[in-house]
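>>> Next one to model:
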Amino acid sequence: MARPDFEVKIPLMETKSAERVIERLVQQKQTGLYLKNPSEWTTDREAARRFEDLLSVLEACHDWGLKGVQLLLKDVMSNFEIQLDLDAA
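Next up, the predicted model:
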C-alpha cells in the first residue's frame with residue numbers, strides 16, 4: 001500500500017499540564033481480543049501492539065489480511081475511548 005504524499009494531522013484539545021497520549025489498538029470485534037502481532041491475539045490490553053498512527057493501522061490490516069476488526073482510540077488521560085469499524089476501510 002503506497003503512502004500518500006501528504007500528512008493529515010488532527011489537532012487535539014490543548015492541555016496545560018501534559019501532552020495528550022492517544023493509544024491505537026486493533027481488536028477483534030467478535031472475541032474482544034487485542035492484536036499482539038500478525039499471528040497472535042491477547043486478552044491483555046497492556047500486551048497489545050500499539051500503532052504510531054492511523055496509516056500504520058490500515059497498512060497492518062491490509063498487509064496481514066485482518067478481517068472483523070475495529071480500531072480502538074483511547075485518550076490515556078481521560079479514559080475516553082472510541083471504536084471505529086475497520087472492515088469498511
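
>>> beta partners of the residue most central in space within the chain?
Centroid-nearest residue in the chain: Arg24, 2.8 Å away (criterion: C-alpha atoms, centre = their mean). Listed beta-bridge partners, Arg24: Leu73 (assigned using DSSP bridges).

>>> can you pull the contacts of it?
50-54, 56-57, 71-73 (C-beta atoms under 8 Å, 6 or more residues apart in numbering). For glycine as for every other residue, the C-beta is placed from the backbone atoms N, C-alpha and C.

>>> could you flag which of the residues you listed are buried?
Taking 16 or more other C-beta atoms under 10 Å as the criterion, what is buried in the contacts of Arg24 is 51, 57, 71-72.

>>> quick check, nearest of those residues to Gly32?
Among the buried ones among the contacts of Arg24, Leu72 lies closest to Gly32 (C-beta to C-beta), at 10.5 Å.

>>> circling back to that earlier point, take the buried ones among the contacts of Arg24 and write them to TSV, including secondary structure and distance to Arg20.
TSV is the format used below for the buried ones among the contacts of Arg24 (DSSP: H, G, I helix; E, B strand; the rest coil; distance: C-beta to C-beta, whole Å):
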residue	secondary structure	distance to Arg20
Phe51	coil	16
Val57	helix	18
Leu71	strand	17
Leu72	strand	16
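
>>> which of those lies closest to Asp44?
Once C-beta to C-beta is applied, the member of the buried ones among the contacts of Arg24 that ends up nearest Asp44 is Leu72, at 14.1 Å.

>>> That'll do, ta.
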